[in-house]
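In: Give me coordinates for this.
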Amino acid sequence: MARPKTKRPKYQCHESGQAFVEFNGVRFYLGEYETQKSIAKYHRLVTEYLENGLQTPDSETHLADDPAKISDLTAEYQEHVRTIHSGKSEPIRSADALCELLCKHHGKEPADKFGPRKLESLRQGIIETGNKRNTVNRKIREVVRIFKFGVSMELVEPATWQKLIALEPLKANQSAAGESERVKPVNMSDVKATARHLSPVIRAMIELHVLAGMRVTEVFRMRPCDIEKRPDGVWIYRPFTAKNERHGHDRQIPIVGDNRIVLGRYLDRDPESHCFSPAESAEWHAEQKRRAAKCPRKKAYKRKTNPKRRPGERFGDESGSYRRAIQGACEKAGVERWTPRQLRHTSATLVREALNIEAAQHLLGHSSPSMTARYAEVSLERAVEAAHALQGNG
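Out: Numbering: from 1, shown residues only. Take a look at the predicted model:
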């Protein structure tokens, strides 16, 4: 059986040295072969072709010597993000959404005609959709980063990018954009009460999460092959992909004391597989229901023969199942709802109170104490103690 023909036309080279692409027998010349401008123009044409139901683009609007349009720039940037973030859905999805927004309002405009006023207008539109100030500033920074990337690809003049940098970020309480709520640490008594209503898998994840100061994704990605067992009894976890790896920081997380016992139960598996599995957690809950069904007063438990959604073998980088499990257990425990993101703030605060901010910085893997200060809350009791000390020396 013959393979079906691809719908995506090829980027080709003419004997003259010109790049070209053909749609339904119509040839479009793109400029010099293997230049960034010709590749960007190819991506724009193919995108238009696929989005319009395989209709041939209008040749009069796609001349080879046209200046690079914003749609050219965003198409090239999306390919770049897919390359550097291969396998990571969150940054790819974020870049796609932002590029789509940029193209919706300015896609057909020359990239070098996009200045601070248009950037400010785009920002205002982002504010009006209900985004918080920090989110708005982050999205605008990424737009500027797209044009910086365009400079490196020779699609945008350096002066265009420099003009965009001149737009000041939004300051607190100086715009219509609301302020994000600060993530606060969660009370450890609430964590313990919640854990009683969770599966052993989720309980183990929470214990490692808070007592080792990990990020959520570091817990999700943990594998037996990433654990080094030192002769002194300390285990070192080195995440396969660390957040700060691109900056040259080697993330090393110590696993000590009871954490070794907790983690040890999940190391007896394929070294390349992930320690914590949603499927194992779901099976534990199913077993609890089966046991409860044996009681004559309980309604018999029946497993669905063909469920629409089956639990995976690992938690995704932005998995909501971990958060939903915790918040559901909060309701059963009768405590205020908290989220996994708060656990790292709890770790930082506990270490800062017991030792100092420098120790918290090393545990969390931050490059500067100022970043750690955003996580570690200042203890009011320690402040009162300091004030009494000053009174005694006054």
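In: Go through stretch 269-279 and flag the buried ones.
Out: His274, Cys275, Phe276, Ser277, Pro278 (16 or more other C-beta atoms under 10 Å). For glycine as for every other residue, the C-beta is placed from the backbone atoms N, C-alpha and C.
In: My guess is the second one contacts Pro224. True?
Out: In this case it means Cys275. Yes. The pair Cys275 / Pro224 is scored as a contact, 6.7 Å apart, by C-beta atoms under 8 Å.
In: list the residues that contact both of those two?
Out: Common neighbours of Cys275 and Pro224 (criterion: C-beta atoms under 8 Å, 6 or more residues apart in numbering): Leu267, Arg269.
In: what's the most distant pair in the buried residues of stretch 269-279?
Out: Cys275 and Pro278 (12.2 Å; C-beta to C-beta).
In: my read is Ala19 is in a helix, agree?
Out: No. Assessed with DSSP: H, G, I helix; E, B strand; the rest coil, Ala19 is strand; it does not lie in a helix.
In: That one against Gln12, yeah?
Out: Yes. Counting by C-beta under 8 Å, Gln12 is a contact partner of Ala19 at 7.0 Å.
In: and the two? which has more neighbours close in?
Out: Taking other C-beta atoms under 10 Å, Ala19 and Gln12 do not tie; Ala19 has more neighbours (22 against 14).
In: For the more buried one, name its beta-bridge partners.
Out: Beta bridges link Ala19 to Cys13, Gly31 when assigned by DSSP bridges.
In: That one: what's it in contact with?
Out: Ala19 touches 11-13, 29-35, 38-39, 42, counting by C-beta under 8 Å, 6+ apart.
In: Looking at pLDDT only, which of those residues scores worst?
Out: In terms of pLDDT, Tyr29 ranks lowest among those, with 72.
In: For this protein, which residue occupies the most central location?
Out: Glu90 (4.4 Å; C-alpha atoms, centre = their mean).
In: Report the secondary structure state of that one.
Out: helix.
In: quick revisit: quick one, which of the contacts of Ala19 are buried?
Out: Buried members of the contacts of Ala19, scored by 16+ other C-beta under 10 Å, are Tyr11, Tyr29, Leu30, Gly31, Tyr33, Ser38, Ile39, Tyr42.
In: Out of those, flag the one nearest to Val81.
Out: Ile39 (15.2 Å).
In: so where's the stretch 201-350 of the chain shaky on pLDDT?
Out: 241-250, 294-313, 317-319, 348, 350 (pLDDT under 70).
In: all helices for it, in order.
Out: 216-220, 258-264, 278-293, 320-333, 341-354 (DSSP state H, counting those that start in this stretch).
In: Output those in JSON lines, with distance to Asp232 appended to each entry.
Out: Compiled in JSON lines, those are given as follows (distance: least, C-beta to C-beta, whole Å):
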{"stretch": "helix 216-220", "distance to Asp232": "22"}
{"stretch": "helix 258-264", "distance to Asp232": "12"}
{"stretch": "helix 278-293", "distance to Asp232": "31"}
{"stretch": "helix 320-333", "distance to Asp232": "32"}
{"stretch": "helix 341-354", "distance to Asp232": "21"}
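In: Minimum distance to Met153: which of the ones you listed has it?
Out: helix 216-220 (29.7 Å).
In: Using CSV, write down the CA coordinates of the closest one.
Out: Taking C-alpha atoms only, helix 216-220 is exported to CSV below (Å, rounded to 0.1, in the frame of the first residue of the first chain):
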residue,chain,number,x,y,z
VAL,A,216,6.8,20.4,41.4
THR,A,217,8.3,19.3,38.1
GLU,A,218,11.4,17.9,40.0
VAL,A,219,9.1,15.6,41.9
PHE,A,220,7.3,14.6,38.8
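In: Mind giving me the packing neighbours of that helix?
Out: For helix 216-220, the packing partners by 3 or more C-beta pairs under 8 Å, 6 or more residues apart in numbering; DSSP states H and E come out as helix 200-211.
In: try 6 Å this time
Out: With contacts taken as 3 or more C-beta pairs under 6 Å, 6 or more residues apart in numbering; DSSP states H and E, helix 216-220 sits against no other helix or strand.
In: Let me see the ranges of the helices in the stretch 51-200 of the chain.
Out: 70-84, 89-106, 116-128, 133-152, 158-165, 188-195, 200-211.
In: out of those, which comes closest to Gly328?
Out: helix 188-195 (9.4 Å).
In: List the buried residues in the closest one.
Out: Buried-residue list, helix 188-195, by 16+ other C-beta under 10 Å: Asp190, Val191, Ala193, Thr194, Ala195.
In: Does anything pack onto that helix? Which helices or strands?
Out: helix 320-333.
In: same thing but at 7 Å, please
Out: Applying 3 or more C-beta pairs under 7 Å, 6 or more residues apart in numbering; DSSP states H and E, we find helix 188-195 packed against helix 200-211, helix 320-333.
In: can you list the ones you listed in TSV and add distance to Arg182 and mean neighbour count?
Out: Output for the helices and strands packed on helix 188-195, formatted as TSV (distance: least, C-beta to C-beta, whole Å; neighbours: other C-beta atoms under 10 Å):
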stretch	distance to Arg182	mean neighbour count
helix 200-211	18	22
helix 320-333	18	17
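In: Over to stretch 255-272 now: how far is its first residue from its last?
Out: 19 Å (C-alpha to C-alpha, to the nearest Å).
In: In that stretch, which residues are buried?
Out: Those would be Ile255, Asn259, Val262, Leu263, Tyr266, Leu267, for stretch 255-272 by 16+ other C-beta under 10 Å.
In: same thing with stretch 140-156?
Out: In stretch 140-156, counting by 16+ other C-beta under 10 Å, buried: Ile140, Glu142, Val143, Ile146, Phe147, Lys148, Phe149, Gly150, Val151, Met153, Leu155, Val156.
In: what's the most distant pair in these?
Out: Greatest spacing in the buried residues of stretch 140-156, by C-beta to C-beta: Ile140 and Met153 (20.6 Å).
In: wait, Val335 sits on Val191?
Out: No. Counting by C-beta atoms under 7 Å, Val335 does not reach Val191; the two are 8.8 Å apart.
In: Skip the chain neighbours and tell me the closest residue to Arg133.
Out: Counting by C-beta to C-beta, 6 or more residues apart in numbering, Ala177 is the residue found nearest to Arg133 once chain neighbours are left out, at 4.0 Å.
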